[in-house]
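> A structural model of the following input is requested.
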Amino acid sequence: MDQTPKKTTIYDLAELAGTSAGTVSAVLNGNWRKRRISEKLADKVRLLADEHGYSLNMQASTLRKEKSGIIGMVVPMYDNRYFSSIAQTFERMARDAGYFPIVTCTQRDPDLELAAARTMLAYQVEYLICTGATDPDRIHDLCAPAGVPTLNLDLPGEKASSVISDNYAGAFQLTQKILAASAGTSRNSLFVGGRDTDHNTKERIRGFEDAHAEIGIEVADHQILACGYAAEKAASAIDAALQNGGVQPNLMFVNSTISLEGVVTSLRQNGRFDHDEIVIGCFDWDPFAAMLNDRIFMVRQDVDGMMGALFRLIEEGGKSGCQTIEIAPIL
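Numbers count the residues shown, from 1 in each chain. Prediction:
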């Protein structure tokens, strides 16, 4: 007797949700608002679809007679040069490779990431690139039953190949640079920005600490201000550091150009930005920020190199298995 489990159909989901197959289809296609379907019901349908490993494309894929030629990418933000450069480079390289690219921004929101992935599946994308995704493995689990491969960019996952910057080496070298630039002064360092729960920030903190250890300086926990990426959060963290009445920081490792906006804002408001002893290293690059003064050093992530590695993985069609490729950033 055939013991293969029966695949969940759209009619099964409709019965479980207590609604019609048409309503389920509208929710999974992203058209539920136009149909005046309640958000509560839409959430229920999507949850059931996830629990039963169902995506709209599972049925559509059996009817597909030829490849769509569409390749999708989700990005967390467009708010800095790095992510906007990723989107632009992806579109250019995708067209050069014969694909039609679709890019959407998900605001670092895991629910928006999944919603975007479902819509991409409805458009029958051939690949989905997860850039800086909060939970890329969850997106992989959604796409895999539909036969759509995922690849991770910027932040790694465990279930699909990833292309990322060499965050540790870049942070180590950047910290060496700012330590050398502050030689002859009493160094009071801060690491500012990012989330200490994500891979990139953890690796950059490790590089920051090891570069200090190399010259015999131990970094204390209070010197790590992983306050998120938002400029206002970085400004608040620096305000607190400057106003605590203790030793004033004079060396800062800043985790993105967005965080750098907050750092510079705080330093200016506190009358500290023009002090010669303050040295800043930023793990990100912007040509205008680089010209603010000659005591700001920046790491530029190699977007072309990362994207080249990504499209080589696509050309290989998964033959090399699940791997993580690290691309050296440019100091």
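
> going by C-alpha atoms from here, please, whenever you check contacts or count neighbours.
Will do.

> which positions in stretch 34-49 come out as buried?
Within stretch 34-49, the residues scored as buried using 16 or more other CA atoms under 10 Å are 41-42, 44-46, 48-49.

> which one of these is nearest residue 292?
Using CA to CA, residue 46 comes nearest to residue 292 of the buried residues of stretch 34-49, at 47.6 Å.

> distance of the closest one from residue 149?
Using CA to CA, to the nearest Å, we find residue 46 at a distance of 21 Å from residue 149.

> show me what the helix or strand hosting residue 179 is packed against.
If you go by DSSP states H and E, residue 179 is part of helix 167-181. Judged by 3 or more CA pairs under 8 Å, 6 or more residues apart in numbering; DSSP states H and E, the packing partners of helix 167-181 are helix 199-214, strand 251-254, strand 279-282, strand 296-298.

> so which of the ones you listed gets nearest residue 193?
Judged by CA to CA, the one of these that comes nearest to residue 193 is strand 251-254, at 6.1 Å.

> run through who's touching that closest one.
Here strand 251-254 makes contact (CA atoms under 8 Å, 6 or more residues apart in numbering) with 175, 178-179, 182, 187-193, 208, 260, 263, 278-283.

> and those residues, which of them are buried?
By neighbour count, with 16+ other CA under 10 Å, the contacts of strand 251-254 hold 175, 178-179, 182, 187, 189-193, 208, 260, 263, 278-283 as buried.

> which one of the buried residues of stretch 34-49 is nearest residue 124?
Distances from residue 124 to the buried residues of stretch 34-49, taken as CA to CA, are shortest for residue 49 (17.4 Å).

> sorry, back to before: out of the helices and strands packed on helix 167-181, flag the one nearest residue 123.
The nearest among the helices and strands packed on helix 167-181, by CA to CA, is helix 199-214 at 30.8 Å.

> after the closest one comes which helix or strand?
strand 224-225.

> need the contact partners of that next one.
Identification of contacts with strand 224-225 by CA under 8 Å, 6+ apart yields 190-193, 205, 237.

> pLDDT averaged over stretch 10-18 - what is it?
For stretch 10-18, mean pLDDT is 85.

> kindly report the same for stretch 132-146.
Taken as a whole, stretch 132-146 carries a mean pLDDT of 93.

> likewise stretch 250-268?
Regarding stretch 250-268, the rounded mean pLDDT is 93.

> quick one: buried residues of that stretch?
Neighbour-count burial for stretch 250-268, with 16+ other CA under 10 Å as criterion, is recorded at 250-267.

> repeat that for stretch 192-202.
Going by neighbour count (16+ other CA under 10 Å), the buried part of stretch 192-202 is 192-196, 200-202.

> now, among the residues you listed, which is nearest to residue 37?
When the buried residues of stretch 192-202 are ranked by distance to residue 37 (CA to CA), residue 195 comes first, at 36.2 Å.

> just to revisit the earlier point, so which of the contacts of strand 224-225 sit within strands?
Applying DSSP state E to the contacts of strand 224-225, the entries found in strands are 190-192.

> quick one: these as JSON lines, columns for distance to residue 71 and pLDDT too.
Conversion of these to JSON lines gives the following (distance: CA to CA, whole Å; pLDDT from 0 to 100):
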{"residue": "190", "distance to residue 71": "41", "pLDDT": "95"}
{"residue": "191", "distance to residue 71": "37", "pLDDT": "97"}
{"residue": "192", "distance to residue 71": "35", "pLDDT": "97"}
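
> let's see the pLDDT reported for the closest residue to residue 69 other than its chain neighbours.
Closest residue to residue 69 apart from its sequence neighbours, by CA to CA, 6 or more residues apart in numbering: residue 99 at 5.0 Å. For residue 99, the pLDDT comes out at 94.
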